[in-house]
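>>> Generate a structure from the sequence data that follows.
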Amino acid sequence: MRRLFQILLLTVFALTSVSALAAEPKTTKKQRKELEETQVKYDSTMRWGTVEDALPYLDPEYAKVHPLTDLELRRYEQVKISSYRAGDNVPMPDGRVGRNAEVRVINNNTQAERTLRVKEIWRWDAEGKRWLQANGLPDLWQER
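Numbering: from 1, shown residues only. Now for the predicted structure:
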């Protein structure tokens, strides 16, 4: 009985994987290479740059709906990212790509460091022929 359950579970998993791959819009090899290059630059910008340096990576559609206030921009000036380690890309059914990152943040005033996880979603902009960060800057003040 246990073996039958394992076989059924594996079959369901295999069918789900195949259907997810079949439904997902295909990215070209060039788009995947462009995504990788963009993410390397974004990771470096988050680690070594300023919040203003990261703004060009944001999806204008997202920025229009969720504009950054002066207060939010000043909050980013109060911290320094000491490490930004991103995980693997995971294709999403709608053609976007998701990934998780581990971020280590130091508060400039207290010098206290904490680690948090952020989720990124990347969207291909066919018109601009580039990848955009589609869910905004990382929330560095999230509760655990």
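>>> From now on I want contacts and neighbour counts done on CA atoms only, so please keep to that.
Noted.
>>> which stretches of this structure form helices?
For the chain, the helices defined by DSSP state H occupy 2-23, 29-48, 51-54, 60-65, 70-77.
>>> so where's this structure uncertain?
Applying pLDDT under 70 to the chain picks out residues 1-25, 144.
>>> is residue 116 in a bridge, and if so with what?
On the basis of DSSP bridges, residue 116 is bridged to residue 103.
>>> from what I can see it touches residue 103, true?
Yes. Shown here, residue 116 and residue 103 form a contact pair, counting by Cα atoms under 8 Å, at 5.4 Å.
>>> Just want to know which of the two has more residues nearby.
residue 103 (21 against 17; other Cα atoms under 10 Å).
>>> what residues are up against that one?
Counting by Cα atoms under 8 Å, 6 or more residues apart in numbering, residue 103 makes contact with 81, 82, 83, 84, 85, 115, 116, 117, 118.
>>> now do residue 105
79, 80, 81, 82, 83, 113, 114, 115, 116, 140 are the contacts of residue 105 under Cα under 8 Å, 6+ apart.
>>> Out of those residues, list just those in strands.
Using DSSP state E, the members of the contacts of residue 105 that fall in strands are 79, 80, 81, 82, 83, 113, 114, 115, 116.
>>> Go ahead and confirm the third one touches residue 44.
This means residue 81. No. Taking contacts as Cα under 8 Å, residue 81 lies outside contact range of residue 44: 10.4 Å.
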